[in-house]
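S.K.: Show me the folded form of this:
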Amino acid sequence: MSGLFAFSKRYCQRYKLRLCIGFLLILISNILTLLPIPYIGKSVNTIKNIFTDFSNTSNSLSLSLKKDICIYTSIILIVPIIGGFVKYHMRQCIITTSRMIEFDIKNEIFSHYQKLSLSFYKKNSTGDLMNRLTEDVSFIRQYIGPGMMYFLNLITLFFMVFMQMLRINKILTFYVILPIPILFISIYYLSVYITNKSEEVQTCQSLICSFIQETFSGIHIIKSFVSESFFQEKHKKIILKYQKKNIELARIDTLLSSIIIFFIGTCHLLILFFGGKKYFEGEIKEIGTIAEFFTYINVLIFPFIILGWVVSISERAKVSQTRISEFLKEKPEILNNNLIKTKIFGKIQFKNVSFFYYNSVSKHDIKQKNRNHTLIVNKISFTLMKGKTLILTGETGSGKTTIGRLISRLYDPYKGKILIDNLSLKNHNLYDFRNNIGYVPQESFLFSDSIYNNIALGSVYKVAPYKVYDAARIAMIENDILNFKNGYETIIGERGITLSGGQKQRICIARAIIKSPKILIFDDSFSAIDQKTRKSIIRYVKEKMKYSTIIIITHDTSYISDFDLFIVLKNGKIYKIEDHNIF
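M.R.: Residues are numbered from 1 along each chain as shown. Below you'll find the predicted structure:
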C-alpha cells in the first residue's frame, strides 16, 4: 500500500490547497453531523419528563419544557441542512480534484507510451495498453477521490464519536467499541484475498480488451471466412472466465460488507443490553443517554458499510498502480542524444550494419551473444548521396523493411554505424531528424478523421491548405477526393476502411511528401496502385523534390527505370549492387 500512497502523493501535491480545503470540510461536516446528537438525548429526556410529571406540571413549567423542545428540534433540523451544504462542497472539492489527477495520470501515461520504442508494442497487446490507461487509472482515481474521502471521514468521525461517548459514559463506551478491533483484523485478512482476486479480474479485463480490439480490427476477415460462430464461442469462454473471477471477488466484497453490518448490529445489542441494565440499576440516570449512544452508532453505520467498498477499491487501486508503474518504468530504446537541431541534407551511409529484433531471440542467446543466426540485417554497407534514388529489392524476409526502419531510426543497429551527412545517426537531434523524413509504410494506416487532416498530419507545423492540395495532386489522389460528397472534409472510417487499398496508399504518400522531406522512403507502398499511376507518382515526386534523397523498397521493379543505386538483398545480406552514384 506504501507504493500506492507514494504514487498518489506525487500527483496530489499539485492540488495541495484543494485537497486541504476538502479535508477541512470533512472535519467541519463531521462536527455538524455530531452537533445535534446531544440535543436528541435532551429531547428524549424532556419528553419523558413532560409525560412523567404531566399531572404535577404547572403551566409555566410546561411552557418552559415546550420551549426547550422547540429549540432542540430547531437545532436537530437546521444543523443537518447546513451540514448537507458543507458535504456538497466537500464532495465537489475532493471528487473534482480526483478527476484532475486522473487527467494528469492519463496524459502522463499516454505521453510515455508515445516515447516508447516499437519493440515495446511488439511485446504488449493494444487491449492491455488501453486497459491500463482507462480501467486501471479509473481505480486509482476512485482511491484518491471517494476512497480517501470516505476513509478520512470514517477516521475523523469515529474519533469524534469515541470522544463524545467517553464523555457520556466510559464503561458503556468500552462495551460498544469491544468488537471494533476484531472488525479491523477481519478487514485486514480479507484485503489480502481482495488483492489477489482484483489482480486476476484486471488481467482478464486486459485479455477481453485485446480480444475485442483484435476481433473488430479483423472483422472483414472473420466475415470472409464465415467464422462468426467460432469467435462468438471464443468470446464466450473469455467472458465466462472474467465472470467467474468477478463473482469470486463479489463474494469476498459481500462477505466483508456482511461482517461490517454484523459488527454494527452487535454494537446496537451491546448498547441495548448493557445500557438498559445500567439504566435499571440506576448507574445511567437519563434514558436520553442510551438514545444518544444509539444515535452515535447509527452515525457510524454508513461510514463503516462504505469501508468495505473503500478496502476493495484500495486493493484494486494497488494492483492498478503496480500495473501502471510497470509500464512507466519502461525506458525507450531510442534516445535523443542531441538537443541542438542538426541540418539535414540527405546523404546516407551504412557501415557494416547488423540488426536483429530482440523479441525474436531467446534470453539464452542474448546472454551468450549467440545472434548470428537471428540477424535480420547482416553487415550491410552502402553509400547513397543526397538527392539520389535507391531501389531496394529482394525476397520476402530479406531485410528490406528493416533497413527503411533503421534509416528512420525507429530502431538502432546492433552493430555497425549509420551516418547521415557524415554524422552518426545517433548524434542527430532525433525529432528534428524525423521531421526531415518522409516515410510511407507497408501498411497504409489512416486515422478516423477527415482526408484533409490525414494528409496534413505529415507536417509538424500548421500547414497552408494549398500544400495539402499540392501533395494530393502529386500523389494522384485529388480527383478521387473531389469525387467524394464532402471532398477533403470526408471523414474516413477507422484505419481508412471506407477507402480502397490504392486510395489509402496514395493518401499516405501525400501525407509523407507534404513537408518536403530531405529523405523520402517508400516501403512497398505502390502495391495496390496500377503501374501507370505508379510511374506518374514517382515522376511527379522526383520533379517536386529533386533535392531529396529517395528510397524505394519494392518487390516489383518493372515500373522503375531511373535510379542511382540498385541493391538486391538476400537473407539479410547484399546479394547484388548496381551503383550509379556520382561522388
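S.K.: centre of the chain versus stretch 505-519, how much separation?
M.R.: In terms of Cα atoms, centre = their mean, to the nearest Å, the gap separating the centre of stretch 505-519 from the centre of its chain is 31 Å.
S.K.: where does the stretch 401-550 of the chain dip in pLDDT?
M.R.: Residue ranges of the stretch 401-550 of the chain with pLDDT under 70: 458-461, 494-496.
S.K.: quick one: the strands in it?
M.R.: Ranges of strands in the stretch 401-550 of the chain, per DSSP state E, counting those that start in this stretch, are 415-420, 423-424, 437-440, 519-523, 549-553.
S.K.: and if you look at the chain?
M.R.: Here the chain has its strands, by DSSP state E, at 348-355, 377-384, 389-394, 415-420, 423-424, 437-440, 519-523, 549-553, 565-570, 573-579.
S.K.: need these in JSON lines with mean neighbour count, can you?
M.R.: C-beta: built from backbone N, CA, C; applies to glycine. Below are these laid out as JSON lines (neighbours: other Cβ atoms under 10 Å):
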{"stretch": "strand 348-355", "mean neighbour count": "19"}
{"stretch": "strand 377-384", "mean neighbour count": "19"}
{"stretch": "strand 389-394", "mean neighbour count": "22"}
{"stretch": "strand 415-420", "mean neighbour count": "18"}
{"stretch": "strand 423-424", "mean neighbour count": "14"}
{"stretch": "strand 437-440", "mean neighbour count": "24"}
{"stretch": "strand 519-523", "mean neighbour count": "24"}
{"stretch": "strand 549-553", "mean neighbour count": "24"}
{"stretch": "strand 565-570", "mean neighbour count": "19"}
{"stretch": "strand 573-579", "mean neighbour count": "14"}
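S.K.: any idea how far the residue lying closest to residue 30 once chain neighbours are set aside lies from residue 307?
M.R.: Closest residue to residue 30 apart from its sequence neighbours, by Cβ to Cβ, 6 or more residues apart in numbering: residue 157 at 4.8 Å. As for residue 157, its distance to residue 307 is 11 Å (criterion: Cβ to Cβ, to the nearest Å).
S.K.: Please say which of those two ends up with more neighbours.
M.R.: The neighbour count for residue 157 versus residue 307, taken as other Cβ atoms under 10 Å, is higher for residue 157 (23 against 20).
S.K.: OK, contacts around that one?
M.R.: Counting by Cβ atoms under 8 Å, 6 or more residues apart in numbering, residue 157 touches 30, 33-34, 299-300, 303.
S.K.: Low-confidence stretches in the stretch 201-350 of the chain?
M.R.: Low-confidence segments of the stretch 201-350 of the chain (pLDDT under 70): 220, 224-225.
S.K.: can you give me the mean pLDDT across stretch 112-120?
M.R.: What stretch 112-120 shows for mean pLDDT is 84.
S.K.: next one: stretch 376-395
M.R.: Taken as a whole, stretch 376-395 carries a mean pLDDT of 90.
S.K.: CA atoms only: put it into PDB for me.
M.R.: Extracted C-alpha coordinates of stretch 376-395, given in PDB (Å, rounded to 0.1, in the frame of the first residue of the first chain):
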ATOM      1  CA  ILE A 376      17.700  -9.700 -40.000                       C
ATOM      2  CA  VAL A 377      20.300  -7.400 -41.500                       C
ATOM      3  CA  ASN A 378      23.900  -8.700 -41.600                       C
ATOM      4  CA  LYS A 379      26.900  -6.400 -42.300                       C
ATOM      5  CA  ILE A 380      25.200  -4.100 -44.800                       C
ATOM      6  CA  SER A 381      27.400  -1.300 -46.300                       C
ATOM      7  CA  PHE A 382      26.500   1.200 -49.000                       C
ATOM      8  CA  THR A 383      26.500   5.000 -49.600                       C
ATOM      9  CA  LEU A 384      23.700   7.000 -51.100                       C
ATOM     10  CA  MET A 385      24.400  10.600 -51.900                       C
ATOM     11  CA  LYS A 386      21.900  13.400 -51.200                       C
ATOM     12  CA  GLY A 387      19.300  13.900 -53.900                       C
ATOM     13  CA  LYS A 388      19.800  10.400 -55.300                       C
ATOM     14  CA  THR A 389      17.400   7.400 -55.700                       C
ATOM     15  CA  LEU A 390      17.900   4.000 -54.100                       C
ATOM     16  CA  ILE A 391      15.900   0.900 -55.300                       C
ATOM     17  CA  LEU A 392      16.000  -1.700 -52.600                       C
ATOM     18  CA  THR A 393      14.600  -5.100 -53.500                       C
ATOM     19  CA  GLY A 394      14.800  -8.800 -52.600                       C
ATOM     20  CA  GLU A 395      12.700 -11.700 -51.500                       C
END
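S.K.: Could you measure from residue 155 over to residue 200?
M.R.: From residue 155 to residue 200 the distance is 30 Å (Cβ to Cβ).
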